[in-house]
Structures are given as structure tokens and as C-alpha cells.
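Based on what follows, work out the 3D shape:
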Amino acid sequence: MRKLGPDNGSPGEVRLGSIRGSHGIQGWVKVFSYTDPKDAIFRYTPWILRRDDRQIQVEVVTGQTQGRRLVARIKGVEDRDRAEEMTGYDIYLCQDSFPSLEQGELYWFELEGLTVRNDKQIILGEVAHLLETGANDVLVVMPSPASVDDRQRLIPYVEQRVVKDVNRETGEILVAWEADY
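Down below sits the predicted model:
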């Protein structure tokens, strides 16, 4: 499963990360990435940047890892002042721009909004987002009008053992998870 942003921008867009500040005096920006691996954010272009009610589209000239930090050079951003103006923008990408995945692989955003049903046909809620915990990813399942109760659930995304099937056509995820867990 490929990890991408916890929330979407406009329909058809996915949040990849954000610009956290400037780096150096030649217009580089510090980048926080939701992609896995982190530096994969540089493969996606063009970036759609959003902050408040402003939106701009930019092209990444180059990006690299500097220690534990990611930095990027954006076309037209040539000095520190201009880089500082980029601080606070969230980075989005059109879903149509994502590379195709191999059979059985999914992007996180493809799971958001799917109904979670257990193997006893009890609806547990809908996937709000996913968490990365280190051991395995976790589905954050929020109650929906059709769910059995009003509880939030954290369900480990462990294929075969817990997550039995993901059916994007029907909009459902089948899990081996009891309603009272």
C-alpha cells in the first residue's frame, strides 16, 4: 500500500505534503512529505500549492535529502525572500498524475470513505484516514449512519489476517474484526 496525504484538497486531488520554510539563500524550500518513501514527493509534478484561498501551480526543478530533511528547488523561486513566501503552502497533486500501481497495491486515499464491514456482515463505519504506526498501517474508522454504533475504531491494516478484501467497486472493506473490539 502506498501512503499519501491525510486529507484531500479539491475533488480529484491528493495532499502530498507541505512547504515548511526556506533553506539557504538560493531559493530552496524545506518540504514535509506524506509519501512513502519520503523523497518520492519529488517524482510527482506539477505541484498544486494551496494556502488559505490562494492556489498556484509550480514545477519542481530538483529535490534532495539533506540529513533528515527534504529540500526542493521550485522553478521561478530564486532567492530566500521568494522561498519564504512559499512557507505554509500545502502540496497537492491531481490523482490523474499518479503512476499506476502493481496488481493488489493501493494508495491510502483510495481507502478513505470506504465502508468497513466485518465477516459477520456488521457495518463498523467508514474509513476517515490511515495512520502509520511503524508495525503496520491502521485504518481510522469513524461511525456512519449505517454503522452498528457510534464508536471510532482503529483497525490494523494487516492483509489476509485482518483485512480480508478491499472492493473499490462496491466501496467496501471486509475485515475480520468484531464489533466489540
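
Okay, now the unreliable bits of this protein?
1-11 (pLDDT under 70).

Per the annotation, how does it divide into domains?
Segmentation of the chain into domains, based on automatic domain parsing, reads 13-97, 111-175.

Of all the ones you listed, which one is nearest residue 103?
Proximity to residue 103 (C-beta to C-beta) singles out domain 111-175 among those, at 12.6 Å. Yep, even glycine has a C-beta here, placed from its N, CA and C like the rest.

for the closest one, how far is the first residue from the last?
Terminal residues of domain 111-175 lie 13 Å apart, using C-alpha to C-alpha, to the nearest Å.

all helices of this protein, in order?
For the chain, the helices defined by DSSP state H cover 80-85.

give me the beta-bridge partners of residue 154?
Residue 154 has these beta-bridge partners by DSSP bridges: residue 140.

coming back round to it: so which of the domains of the chain gets nearest residue 104?
domain 111-175 (8.6 Å).

JSON lines please, covering the domains of the chain and showing distance to residue 105 and mean neighbour count.
As requested, these are exported to JSON lines (distance: least, C-beta to C-beta, whole Å; neighbours: other C-beta atoms under 10 Å):
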{"stretch": "domain 13-97", "distance to residue 105": "12", "mean neighbour count": "17"}
{"stretch": "domain 111-175", "distance to residue 105": "11", "mean neighbour count": "16"}
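
In JSON lines, list these along with distance to residue 103.
Shown next, in JSON lines, are the domains of the chain (distance: least, C-beta to C-beta, whole Å):
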{"stretch": "domain 13-97", "distance to residue 103": "19"}
{"stretch": "domain 111-175", "distance to residue 103": "13"}
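
For residue 35, see how far away the nearest residue to residue 62 once chain neighbours are set aside is.
Once flanking residues are discounted, residue 62 sits nearest to residue 73: 4.9 Å by C-beta to C-beta, 6 or more residues apart in numbering. To residue 35, residue 73 is 18 Å away according to C-beta to C-beta, to the nearest Å.
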